[in-house]
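Enquirer: structure of the sequence below:
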Amino acid sequence: MRLGLLLYGSLDHLSGGFIYDRNLVVHLSRQGDRVEVFSLPWRSYPRGLLDNLQPGLVRRLAEAPFDVLLQDELAHPSLFRLNRWLRGRAPYPIVAIVHHLRCREARPAWHNRFYRLVERRYLASVDGYVCVSRTTRTDVESLVGNGRPAVMAPPGKDGLPGETTREEIIARAAAPGPLKILFVGNLIPRKELHTLLAALASLPAGTWTLQVAGSLSADPAYVQTVRRRLDAAGLGPRVSLLGVLTPEDLADRMMASHLLAVPSSYEGFGIAYLEGMRFGLPAIAGDRGAAGELIDHGRNGFLVPPGNAPALAQSVQILLSDRERLAAMSLAAHHSAAAHATWNESAARVREFLQQFKA
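Expert: Residues are numbered from 1 along each chain as shown. You can find the predicted model right below:
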């Protein structure tokens, strides 16, 4: 197949959506498909809307000899009107890769009413959808119905190197010392590191440590707020801001930790939860979005309301005070991840779906 992929920024960007797109491109290329990447610059939302008025981009896309054009739905501000103009000029179908809808994130209602309007128009302008979770597929159908083809293909479990065993998980849970907590995600408000810090500040000193793995440059103002809160609460000695880690280093951190805590206000899937569970880490996540498709509350992790530091602290306290419970939940997390699809299996499902569009 000859495929195009249109997205904001670069496939090298470190976030769940770009990890998904990158793994899909790798798989398609290994199958002999040709994938041409069209990169649009990151802009503010209003400036992204203006991309729809660029005739040069329409001509460039219309002249490309694709069987299918893939579009990352995160770029929808630049495409909702452009696709309608492209429809009469290009012979190929357009398929959206939907990680999560912007209008489902936590923000003032009037903001989301506007985003919902734009996303509905965008989703109505394409021919099919690749959805990363059941939740995302339901969200898409709630806006545009279920009249277009769609496939649910979640991220894979095997994005990080290394393995861990049941014996290692049990030994790790029983080892003396503080509970080692890991946060994985770019430091942006939606990931709610600030809520995690507020929760941990209420727990006894010396009973926990926190390592934070993720970009410190995605939202510099938010990072400064986090640093000020660390200083004000005296948490600096127990919290390490590691920045971006290599896959090997991140796998090592996961193998050495007890718990993954990323209490996001919304996730379309949450690759970090799956990757942590593969190393036997129970996960604490926000109860909005698709995290509940991975996490069975109280069995392999906990789901807490966004912004609720006391509920988050209570979940951490359970594992602080009961290492047998920690071991049982760690084994349950490991078992849950083992049953999940690999990247190749999910990407093969997407490729099979795309082939139905090929003329």
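
Enquirer: what's the end-to-end length of stretch 142-151?
Expert: 16 Å (CA to CA, to the nearest Å).

Enquirer: contact partners of that stretch?
Expert: Stretch 142-151 is contacted from outside by 101, 116, 119-120, 123-124, 126-131, 137, 140-141, 349-350, 353, 356-357, using CB atoms under 8 Å, 6 or more residues apart in numbering. Glycine gets a C-beta too; all of them are placed from N, C-alpha and C.

Enquirer: pull out the buried members of the residues you listed.
Expert: The neighbour count (16 or more other CB atoms under 10 Å) marks 101, 116, 119-120, 123, 126-131, 137, 140-141, 349-350, 353, 357 as buried among those.

Enquirer: just the ones of the contacts of stretch 142-151 in strands?
Expert: Gly128, Tyr129, Val130, Cys131 (DSSP state E).

Enquirer: nearest to Asp219 among those residues?
Expert: Cys131 (26.6 Å; CB to CB).

Enquirer: not counting sequence-adjacent ones, nearest residue to that closest one?
Expert: Arg137 (4.0 Å; CB to CB, 6 or more residues apart in numbering).

Enquirer: just the ones of the buried ones among the contacts of stretch 142-151 in helices?
Expert: In helices, defined here by DSSP state H, the members of these are Arg116, Glu119, Arg120, Leu123, Arg137, Val140, Glu141, Arg349, Val350, Phe353.

Enquirer: which of those residues sit farthest apart?
Expert: Arg116 and Arg349 (28.3 Å).

Enquirer: can you give me the pLDDT of the closest residue in space to Leu101 that isn't next to it in sequence?
Expert: Using CB to CB, 6+ apart and skipping the chain neighbours, the partner closest in space to Leu101 is Asp139 (5.0 Å). The score at Asp139 is 95. That number is its pLDDT.

Enquirer: I figured Asp139 hits His99, correct?
Expert: No: if you go by CB atoms under 8 Å, Asp139 and His99 don't touch, sitting 10.8 Å apart.

Enquirer: OK, contacts around the residue nearest to Cys131?
Expert: Val98, Tyr129, Cys131, Ala150, Met152.

Enquirer: which residues does the second one bridge with?
Expert: Tyr129 has these beta-bridge partners by DSSP bridges: Ala96, Ala150.

Enquirer: the helix or strand bottoming out on mean pLDDT in the chain: what's the following helix or strand?
Expert: For the chain, the helix or strand with the lowest mean confidence is helix 55-62, at a mean of 84 (criterion: mean pLDDT, DSSP states H and E). The C-terminal neighbour of helix 55-62 among helices and strands, as given by DSSP states H and E, is strand 68-72.

Enquirer: can I assume Ala261 sits in a strand?
Expert: Yes: counting by DSSP: H, G, I helix; E, B strand; the rest coil, Ala261 is located in a strand.

Enquirer: contacting residues around it?
Expert: Contacts of Ala261 (CB under 8 Å, 6+ apart): Ile181, Leu182, Phe183, Leu196, Leu210, Ala283, Ile284, Leu312, Val316.

Enquirer: and if we set it to 6 Å?
Expert: Ile181, Phe183, Leu196, Ile284 (CB atoms under 6 Å, 6 or more residues apart in numbering).

Enquirer: low pLDDT regions in the protein?
Expert: The model of the chain has pLDDT under 70 over residues 14, 16, 359.

Enquirer: outline the domain layout of it.
Expert: Split into domains by automatic domain parsing, the chain comes to 2-156+342-355, 166-338.

Enquirer: now, of those, which is deepest in the fold?
Expert: Mean neighbour count (mean count of other CB atoms under 10 Å) peaks for domain 166-338 among the domains of the chain, with a mean of 19.

Enquirer: need the distance between the two termini of it.
Expert: 12 Å.
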